[in-house]
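K.L.:
Sequence first, predicted coordinates after that:
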Amino acid sequence: QTFFHKRVVKLECRHCMNILCWRGMRAILLADTSIELYSTDLPPPNAVEMSGDDYCTSNCACHIRDLVCAGCGNQVGYHVTLPCRNCMDSCNNGHFWMFHALECKEVERMDDSGQKHLIWGKLPPTHEDLQKLKEKTSKKRSIFPLYPVECIR
């Protein structure tokens with residue numbers, strides 16, 4: 001697969017610097033290749049929240065829901081809650097969490113040696129990667145900074 005050689009990036013919210021994703025990949029929107037995105041197979045816990053109801057776009061029959069940053073509430077992307085047949089049949093990386101490039105700050109993720117950029121072909125499975133991140137954060141301060149947020153529900 002062609003995406004195995006792509007670099008893994010960490011994404012931060014451009015508005016509040018909250019970490020949105022540790023397993024990001026540069027991507028383009030299949031329905032409109034002029035739109036740059038980032039995608040991931042799994043956002044970190046408590047990094048983003050789904051907002052509103054599912055909706056479909058005019059480009060395909062996928063059901064999507066907006067994503068907001070858990071730190072500041074700004075809309076940062078969307079989650080494909082139900083992919084359509086056409087999108088599943090086309091070339092895709094299996095990522096259903098999408099982040100708008102203009103709403104994120106990209107930080108290159110390094111491998112365990114700290115010397116090389118991490119690529120998708122060398123990325124551990126999600127459960128192992130999350131365990132490594134938990135171990136790192138138990139030794140340091142939290143990787144998910146807490147920001148005061150006023151919530152009205």
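P.N.:
Arrived safely, thanks for sending. Numbering: from 1, shown residues only.
K.L.:
Go ahead and measure how far stretch 96-106 is from the middle of the chain.
P.N.:
Relative to the mean C-alpha coordinate of its chain, stretch 96-106 is positioned 7 Å out (C-alpha atoms, centre = their mean, to the nearest Å).
K.L.:
Contacts for that stretch, please.
P.N.:
Residues lying outside stretch 96-106 but in contact with it, judged by C-beta atoms under 8 Å, 6 or more residues apart in numbering, are 9-15, 17, 20-21, 24, 26-27, 36-43, 48, 67, 74-81, 83. Using the backbone N, CA and C atoms, a C-beta is placed for each residue, glycine as well.
K.L.:
need the next SSE after whichever strand or helix holds residue 38, C-terminal direction.
P.N.:
When secondary structure is defined using DSSP states H and E, the element that contains residue 38 is strand 32-40. Using DSSP H and E, the helix or strand that directly follows strand 32-40 along the chain is strand 48-55.
K.L.:
quick one: average pLDDT of that following strand?
P.N.:
Over the span of strand 48-55, the pLDDT mean works out to 95.
K.L.:
Which strands or helices does it pack on?
P.N.:
The helices and strands touching strand 48-55, judged by 3 or more C-beta pairs under 8 Å, 6 or more residues apart in numbering; DSSP states H and E, are strand 63-69, strand 75-82.
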